[in-house]
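Asks: turn this into a structure:
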Amino acid sequence: MKRLPLITSFILFIALCASVAYWAMQLFKPPQRAVAAAPRTAQPAVRLDAAASLLGGRPTTAVASNFQLKGVVVAGDPSESVAILAANGKPPQAIRTDKEVVPGVTVKEINSRYVLLSEGGVIKRVDLPEDAKRK
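Replies: As a prediction, this is how the structure comes out:
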């Protein structure tokens, strides 16, 4: 019982220090700055044709109108595959991947249903005719 006034004084002193510290921080606190929202950036438009292959559609590419795909021989090694192409009404000729059909036009990819040609960096697709697909 002798120490009760001493303990009470000590607790009240701690409370006084905490109160003085709180109010001093409130008094000397710098003013709060306004927070600016981040500027909105323009989102690029979503290309639906990019997702077409995920959903079972065909990717859209330019169609080469002056080439006709007569036949395809697909090998296990893509560099061994051969496409039979007729260019500009000339007789058909067998051409391998990465070879020139006509100057400036090369065969980039050979698939069982189509061939991709690169003409000046533009990829063009030549499809196999429907009657040739049934055979």
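
Asks: in which helix or strand does residue 116 reside?
Replies: Secondary-structure assignment from DSSP states H and E places residue 116 in strand 114-119.

Asks: ok, now residue 30?
Replies: Using DSSP H and E, no element contains residue 30; it sits outside every helix and strand.

Asks: look at residue 95 and say how many residues are nearby.
Replies: Neighbour count of residue 95, defined by other Cβ atoms under 10 Å: 21. The C-beta positions use only the backbone N, C-alpha and C, and glycine is treated the same way.

Asks: I misspoke; the intended subject was residue 108.
Replies: Residue 108, neighbours per other Cβ under 10 Å, totals 14.

Asks: how much space between the closest residue to residue 120 other than its chain neighbours and residue 13?
Replies: Among residues not flanking residue 120 along the chain, residue 104 sits closest, at 6.2 Å (Cβ to Cβ, 6 or more residues apart in numbering). According to Cβ to Cβ, to the nearest Å, residue 104 and residue 13 sit 92 Å apart.
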